[in-house]
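1. Fold the following for me, if possible:
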Amino acid sequence: MSGTKKTCKQETQSSAPSSSGQAVEKQDLEFQDPEPEKTQELYAQMDYILDRVNQNNFQQSMKAITEFTINTEARLKGIIHLIYERALAQPTRSATYANICRCLMGLKVPTAKPGVTVNFRKLFLNRVKTNFENMVTNSCEIFRQKQEMVDAVTKVEERQRVWEELEEAKTKEQRQSLGNIKLICELFKLKMLTEHVMHDVIVRLLKNQDDNSLEGLCTLLYTIGKDLDMEKARPRMDQYYNMIVKIMKNRTTSPRITSMLQDVLDHRKKETAQLGKLVEKMEKTRLQADNDAEKYTGPGDTEPVLRPHYKSLAMKNQKLVSTSIPLQENTCPHHDDKLKAEDSAAARGATKKKKVNVQLKTCQQIIQEREEELQKLRQEVESLKKLPSITEAFEEVRTCASEMQQQFEDSSKLQFLEFSKSVEESLGPYTISSLSTSRQAVDEKDLQDFVDLETVKTEEMYEQMDNILNSLTAKNFHQAMKVVSAFTIDTEDKLKGIIGSIYERAILNPTSAEVYAKVCHQLKGLKIPGVTVNFHKLLLNQCQKGFEKDNSKILKEKQRELDTTTEEEDRQRLREELEEAKAEGQRELLGNIKFICQLFKLKMMTEGLIDYCIVKLIKDGDDDSLEGLCTILFTIGKDLDFEKNQPRMDEHYTQINLIQERRRTSPRIRYMLQDVLDHRTLHLYKGQKEDR
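-> Below you'll find the model as predicted:
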């Protein structure tokens, strides 16, 4: 079409309401869409299905898609656009979208040229290839142009705005690039892309060597590196991994990417070691079978034994042994027992060979079944992540219960009023108004006997506080604090409950630690009449308790239970529980440290308390503690490094340098420590430059 003149062409827009609100790309066709409303409805239905498709309803969803009327090139391209954009926006579900593409890859539609058709597979793969090449080729040029725009701006506000736009463009480009790589990997798993294409992708990513490309390379090798590392392609894969080693030695990448590259190398070593053990085991089994087979006799072994007996009477009487004569009569009596033993041994050898082959096939079948089960479990985990959290579920239940309670109370009041009215009418001059005071007193007394009203009010206050913290943002902060300041916090238990709610939310959501620290700053002067402690002191006690929390006993107990268990299923369960306990402890520690740093920025923590935290983390020296140390120094290290405190900070950084040189930590932590040292060196250099 590009070689001919574009006459009577009209540009049609086939927009579909995708989740991102993005319109389907314009299609250059030689005719106007005759049914635009039906096309829009088709796109809306497709978008609805893509938004809700999962492993459980996949077959039903595909049945609905196959019933769509996709009879033009414009509609086919629109469907491809929706699937592709959704796969980039939701890379965790790329396996599902790849399966949809596999089911549709044979779909064909006519083009504008008579007798010429185009299929889904070709258009979709062209789209994937084009976007990958554009992302790799154009990203550096686009970022270079935007960087020049930033450098050209002189006003601070305008420069900040352009800088934010540049960072947003980088983040968007990175998300799309990783989404495209994950989709390519899933298409390769389904045999829609060849090994040759994947090698081209790896070469392009290695050639670029920017952080986005190297992160995509790590994602690819983690996902399908094992499938590409076959015997024929092993030398080529070795070249790739050697290039990765060179990139790491050059130290031109960020610490995060360097750590990811190191993990890729370690992952391959582990896979190679496991494969080597399996091959060695199978080789031993084969050699053992061959050695056993060598012990058994065949026709070539018995012929030299029979040669001296060719002149015997049995041999002279006939050239060929008659099948009607019993075998016993035609066998030399001198070797009868020996041949019987050899026959039975040969039979045993054949049986052993057969058993080895059967066992090998069984092992391969078991491995394949386990891989399929693992894939299903991964897909189920991804689908479970999409389910609403337990907190949301409880919120819905609580809302429904409150509505039902309100309806019941309204109904009860209405029935009581009607009953009172009917009684007053029947009594005539005698009314029950005189009994109202005593009735009210009795009702309140009965209610107090049934439930503690103060406890109910306290629980309601805690619930309101949780709702406020859950929806708290910088925009509604002042309005929310007005509501909190109206709470009746008149006991030490209530004060501790409010502090516990804030602290727990800050640990669970460390990204919002700054907002929760501001809440504490607003409430720091809160005191309880007749009680010596105040909000500020109780909060510091809570932070210290959380920081000094020791999970080693729990971990040792779980490790001991794991070591004493023999059942494989129980061991797997305990192993997962142990890993989850370690991860939870690490999350709590980092959340506590980030919250402490934000309190320090608001002058609610002193330099002495922060110094105590730094000393303890250096003394512990494990990976979790050192990561927390790096978090402190990255967040408030510049604020701690003032003139009077500089000698003390020099001691801490000297200790960090020693830990980093000993190389007893994981590569990730080692790179984080190096970043901390480089960050401080840069800060001191800038300070000296400003003083000059």
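2. Number of residues surrounding residue 475?
-> Neighbour count for residue 475, taken as other CB atoms under 10 Å: 8. (C-beta placed from N, C-alpha, C; glycine too.)
3. where in the stretch 401-550 of the chain is pLDDT low?
-> The model of the stretch 401-550 of the chain has pLDDT under 70 over residues 401-452.
4. let's see 50
-> Within the stretch 401-550 of the chain, the stretches with pLDDT under 50 are 423, 427-451.
5. residue ranges of the helices in it, please?
-> For the stretch 401-550 of the chain, the helices defined by DSSP state H, counting those that start in this stretch occupy 436-450, 453-470, 477-485, 492-508, 513-523, 535-547.
6. So which of those helices is the most surrounded?
-> helix 513-523 (a mean of 20; mean count of other CB atoms under 10 Å).
7. surely residue 594 meets residue 634?
-> No. Judged on CB atoms under 8 Å, residue 594 makes no contact with residue 634 at a distance of 10.3 Å.
8. Compare the two and say which one has the larger neighbour count.
-> Between residue 594 and residue 634, residue 594 has the larger neighbour count (other CB under 10 Å), namely 23 against 14.
9. quick one: contacts for the more buried one?
-> By CB atoms under 8 Å, 6 or more residues apart in numbering, the contact list for residue 594 reads 506, 510, 513, 631, 635.
10. Which one of the helices of the stretch 401-550 of the chain lies nearest to residue 253?
-> Nearest to residue 253 among these is helix 513-523 (29.1 Å), distances taken as CB to CB.
11. Contacts for the closest one, please.
-> Contacting residues not belonging to helix 513-523 are listed as 469, 472-474, 477, 481, 484-485, 498, 502, 505-506, 509, 535, 539, 591, 594-595, 597-599, 601-602, 604 [CB under 8 Å, 6+ apart].
12. Distance to residue 263 added to the helices of the stretch 401-550 of the chain, as JSON lines?
-> Shown next, in JSON lines, are those (distance: least, CB to CB, whole Å):
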{"stretch": "helix 436-450", "distance to residue 263": "60"}
{"stretch": "helix 453-470", "distance to residue 263": "35"}
{"stretch": "helix 477-485", "distance to residue 263": "40"}
{"stretch": "helix 492-508", "distance to residue 263": "27"}
{"stretch": "helix 513-523", "distance to residue 263": "28"}
{"stretch": "helix 535-547", "distance to residue 263": "29"}
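13. quick one: which of these is nearest residue 113?
-> Of the helices of the stretch 401-550 of the chain, nearest to residue 113 by CB to CB is helix 453-470, at 58.7 Å.
14. Show me the one of the helices of the stretch 401-550 of the chain that comes nearest residue 195.
-> Of all those, helix 492-508 sits nearest to residue 195, with 44.5 Å by CB to CB.
15. ok so, going back, looking at the contacts of residue 594, which one is closest to residue 161?
-> Closest to residue 161, out of all of the contacts of residue 594 and judged by CB to CB, is residue 635, at 25.3 Å.
16. helix or strand for the closest residue to that closest one other than its chain neighbours, which one?
-> Leaving aside its sequence neighbours, residue 635 sits nearest to residue 597 (CB to CB, 6 or more residues apart in numbering; 4.2 Å). Element membership for residue 597 (DSSP states H and E) is helix 568-601.
17. What is the following helix or strand past that helix packed up against?
-> Using DSSP H and E, the helix or strand that follows helix 568-601 in sequence is helix 607-620. Counting contacts by 3 or more CB pairs under 8 Å, 6 or more residues apart in numbering; DSSP states H and E, helix 607-620 is packed against helix 535-547, helix 568-601, helix 623-640, helix 646-662.
18. now the angle from the shortest one to helix 513-523?
-> By that I understand helix 535-547. With axes from the mean of the first three to the mean of the last three CA atoms, to 10 degrees applied, the angle from helix 535-547 to helix 513-523 works out at 150 degrees.
19. Please work out how many residues are found near the closest residue to residue 663 other than its chain neighbours.
-> Spatially, and ignoring its direct neighbours in sequence, residue 663 is nearest to residue 670 (6.6 Å; CB to CB, 6+ apart). Applying other CB under 10 Å, we find 22 residues neighbouring residue 670.
20. Report the mean confidence score over stretch 164-184.
-> For stretch 164-184, the mean pLDDT works out to 83.
21. residues in contact with it?
-> 84, 87-91, 94, 97-98, 128, 131-132, 135, 139, 142-143, 146-147, 149-150, 193, 198, 201, 212-213, 215-216, 219-220, 223.
22. Stretch 472-489 too?
-> The contact list for stretch 472-489 (CB under 8 Å, 6+ apart) reads 457, 461, 464-465, 468, 471, 494-495, 498, 512, 515-516, 518-519, 522-523, 526, 528.
23. Specify the local secondary structure of residue 644.
-> Counting by DSSP: H, G, I helix; E, B strand; the rest coil, the backbone at residue 644 sits in coil.
24. Could you check how far it is from residue 511?
-> 33 Å (CB to CB, to the nearest Å).
25. ditto for residue 557
-> 32 Å.
26. So for those two, which sits in the more crowded spot?
-> residue 557 (12 against 8).
27. Then the more buried one would be within a strand, right?
-> No. With three-state DSSP as the criterion, residue 557 is assigned helix and is not in a strand.
28. all strands in the protein, in order from the N-terminus.
-> Under the criterion DSSP state E, the chain contains strands at 10-12, 27-29, 108-110, 117-119.
29. Need the mean per-residue confidence for the second one.
-> Across strand 27-29, pLDDT averages out at 40.
30. Residues touching stretch 552-563, excluding its own?
-> If you take CB under 8 Å, 6+ apart as the criterion, stretch 552-563 is touched by 571, 574-575, 577-578, 581-582, 585.
31. one more time with 7 Å
-> Identification of contacts with stretch 552-563 by CB atoms under 7 Å, 6 or more residues apart in numbering yields 571, 574-575, 577-578, 581-582.
32. Rebuild these as JSON lines, extending it with distance to residue 69 and pLDDT.
-> Shown next, in JSON lines, are the contacts of stretch 552-563 (distance: CB to CB, whole Å; pLDDT from 0 to 100):
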{"residue": "571", "distance to residue 69": "55", "pLDDT": "85"}
{"residue": "574", "distance to residue 69": "55", "pLDDT": "86"}
{"residue": "575", "distance to residue 69": "52", "pLDDT": "85"}
{"residue": "577", "distance to residue 69": "52", "pLDDT": "86"}
{"residue": "578", "distance to residue 69": "55", "pLDDT": "86"}
{"residue": "581", "distance to residue 69": "55", "pLDDT": "86"}
{"residue": "582", "distance to residue 69": "54", "pLDDT": "86"}
